[in-house]
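Colleague: Just a sequence and a predicted model for now, questions to come.
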Amino acid sequence: MTKTISLLGSTGSIGRQTLDVAQQLGLSVAALTARGGNLDLLEQQTRQFRPRLAAVYDPEAAQAFAQRVRDLPVKVVSGPEGLLEAAVIDGADTVVTAVVGMVGLRPTLAAIERGRRIALANKETLVCAGELVMDAADRYGAQIVPVDSEHSAIFQCMQGCRDRRQVRRLLLTCSGGPFFGMKFEELERMTSKYALRHPNWKMGPKITVDCATLMNKGLEVIEAMRLYRLPLEQVDVLIHRQSIVHSLVEYRDGAVLAQLGTPDMRLPIRYAFTYPDRGENPAEPLDLLTSPPLTFAAPDRAAFPCFALAEAAAREGGTACAVLNGANEEAVGLFLKDRIGFNDISRLVEKARRAVPVVYHPALADILEADAAARRAVLT
């Protein structure tokens, strides 16, 4: 079981819930990191959990934060190097990667090289460099335990039969987001105000928009392929509006195992810390007698082309997924600033996919360049 964590991305939704679980389990916190947009919360967390290191990505915010906590025995660092320092800090047996975007790739690889357990909540790491990451985990004996609710569900269901040759399909569930049932033409007028109204989960703005476009589910398909080394044909998606069945595994004998629970991210976070054990949880358990009927539907690829674009990138391989992810990050950023429309996200991602050549069997440098080139393609 985890005893000490380093938390990359402590002020985001996953980060805040991770610290709730850490407090419940009595875990020590060696390091906290944040981008720098919410120094009040980071200061509160630092005073409560007393980490030895606090990394603030923005250098100016890091200077301001150092002044705030100058009465505490905490080292304050900044920039990408600060994030790396937090990822490899001595004494942390588990590194929680809860940062958003490609910024999480290098710290995750660095922690893997130290043989740490990775509680993975940064899907971009596996989307963009999944083969490199999984190969490194095998090489250094690092354990990757997914924190995303869907991938935690798959991980839990796989404990019943760890031989992946026995798996017929992974079935990832998806709430469908706030625009479920709408057509592409109707989505033209949707603004960030409406896209940020997720029906079931409380998350950060970027991932919430990804859920609205179904890009999030496309990225999770790619992530599942990398985590379990399965082809696209063995990973499928079901729209499940109630977010109670978090995902399923269908085995070759016809048995289907599902993991059910309330839509509470603290459940998969807790399991990532206690695995392979299951401790007592003070949270209210799922009550099937009061839960709504459970429904399932197929995703609408015509209305939500981001999902189809993700599948196409997964099928192509190489740096195609890094291009997809980088372009999507930039496009979602523009949408959140109300500079483009909702459907322009998929248009810009498709534009970048056409513009940036794919490198097959890429090295890390190729992946980083593909990411940068995709962002340039969106912004020009």
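Modeller: Good, I have the coordinates.

Colleague: Now do the strands in the stretch 251-380 of the chain.
Modeller: Applying DSSP state E, counting those that start in this stretch to the stretch 251-380 of the chain gives strands spanning 256-260.

Colleague: What segments of it are helices?
Modeller: Assigned by DSSP state H, counting those that start in this stretch, the stretch 251-380 of the chain shows helices spanning 266-274, 305-316, 320-336, 344-355, 364-379.

Colleague: How about the stretch 101-250 of the chain?
Modeller: Using DSSP H, counting those that start in this stretch, helices in the stretch 101-250 of the chain cover 105-113, 123-140, 149-158, 184-187, 192-195, 205-213, 215-228.

Colleague: Quick check: which of these is nearest to Cys174?
Modeller: Across the helices of the stretch 101-250 of the chain, the minimum distance to Cys174, taken as Cβ to Cβ, is reached by helix 215-228, at 4.5 Å. (C-beta placed from N, C-alpha, C; glycine too.)

Colleague: Kindly calculate the angle that the closest one makes with helix 320-336.
Modeller: Angle of helix 215-228 versus helix 320-336, following axes from the mean of the first three to the mean of the last three Cα atoms, to 10 degrees, is 150 degrees.

Colleague: Can you get me the centre-to-centre distance for helix 215-228 and its chain?
Modeller: 10 Å (Cα atoms, centre = their mean, to the nearest Å).

Colleague: Which other helices and strands does it contact?
Modeller: Applying 3 or more Cβ pairs under 8 Å, 6 or more residues apart in numbering; DSSP states H and E, one finds that helix 215-228 makes contact with helix 123-140, strand 144-146, helix 149-158, strand 167-174, helix 205-213, strand 235-239, helix 305-316, helix 320-336.

Colleague: from the chain's centre, how far out does the last one sit?
Modeller: In this case it means helix 320-336. Centroid separation between helix 320-336 and its chain, computed with Cα atoms, centre = their mean, is 14 Å.

Colleague: The residue of the chain most remote from its centre in helix, strand or coil?
Modeller: For the chain, the largest distance from the centre (Cα atoms, centre = their mean) belongs to Asp71, which lies 34.3 Å off. Following DSSP: H, G, I helix; E, B strand; the rest coil, Asp71 is assigned to coil.

Colleague: count of neighbours near Pro362?
Modeller: 21 (other Cβ atoms under 10 Å).

Colleague: what's the closest non-adjacent residue to it?
Modeller: Thr319 (5.0 Å; Cβ to Cβ, 6 or more residues apart in numbering).

Colleague: count of neighbours near Ala303?
Modeller: Ala303 has 18 nearby residues by other Cβ under 10 Å.

Colleague: Ramachandran angles for it?
Modeller: Backbone torsions for Ala303, taken as degrees, to the nearest 10, come to phi -80, psi -30.

Colleague: cool, and Glu188?
Modeller: Phi and psi for Glu188, reported as degrees, to the nearest 10, are phi -60, psi -30.

Colleague: Name the nearest residue to it, ignoring sequence neighbours.
Modeller: Asn343 (5.4 Å).

Colleague: same check, this time on Ile5
Modeller: In space, Ile5 comes closest to Thr94 once its chain neighbours are excluded; the distance is 4.9 Å by Cβ to Cβ, 6+ apart.

Colleague: quick revisit: residue contacts, the residue nearest to Glu188?
Modeller: 184, 187-188 (Cβ atoms under 8 Å, 6 or more residues apart in numbering).

Colleague: Leu196 versus that one, what's the distance?
Modeller: 17 Å (Cβ to Cβ, to the nearest Å).

Colleague: And Leu83, by the same measure?
Modeller: In this structure, Leu83 and Leu196 are 26 Å apart, going by Cβ to Cβ.

Colleague: neighbour count winner among those two?
Modeller: Just comparing Leu83 and Leu196: by other Cβ under 10 Å the higher neighbour count belongs to Leu83, 25 against 16.

Colleague: Isn't the more buried one up against Val99?
Modeller: Yes. With contact defined as Cβ atoms under 8 Å, Leu83 counts as touching Val99 (7.4 Å).

Colleague: Need the residues touching each of those two.
Modeller: 8, 33, 107.

Colleague: Pairing partners for the helix or strand that contains the second one, with directions?
Modeller: Secondary-structure element containing Thr33, defined by DSSP states H and E: strand 28-34. Neighbouring strands of strand 28-34 in its sheet, by DSSP bridges, are strand 4-8 (parallel), strand 53-56 (parallel).

Colleague: mean confidence score for the longest one?
Modeller: Strand 4-8 comes out with an average pLDDT of 98.

Colleague: what do you get for stretch 47-60?
Modeller: So the average pLDDT for stretch 47-60 ends up being 97.

Colleague: In a markdown table: the helices of the stretch 101-250 of the chain, plus distance to Met1 and mean neighbour count.
Modeller: Listed next are the helices of the stretch 101-250 of the chain as a markdown table, based on distance: least, Cβ to Cβ, whole Å; neighbours: other Cβ atoms under 10 Å:
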| stretch | distance to Met1 | mean neighbour count |
| --- | --- | --- |
| helix 105-113 | 18 | 23 |
| helix 123-140 | 19 | 21 |
| helix 149-158 | 16 | 24 |
| helix 184-187 | 45 | 14 |
| helix 192-195 | 38 | 16 |
| helix 205-213 | 28 | 23 |
| helix 215-228 | 22 | 25 |
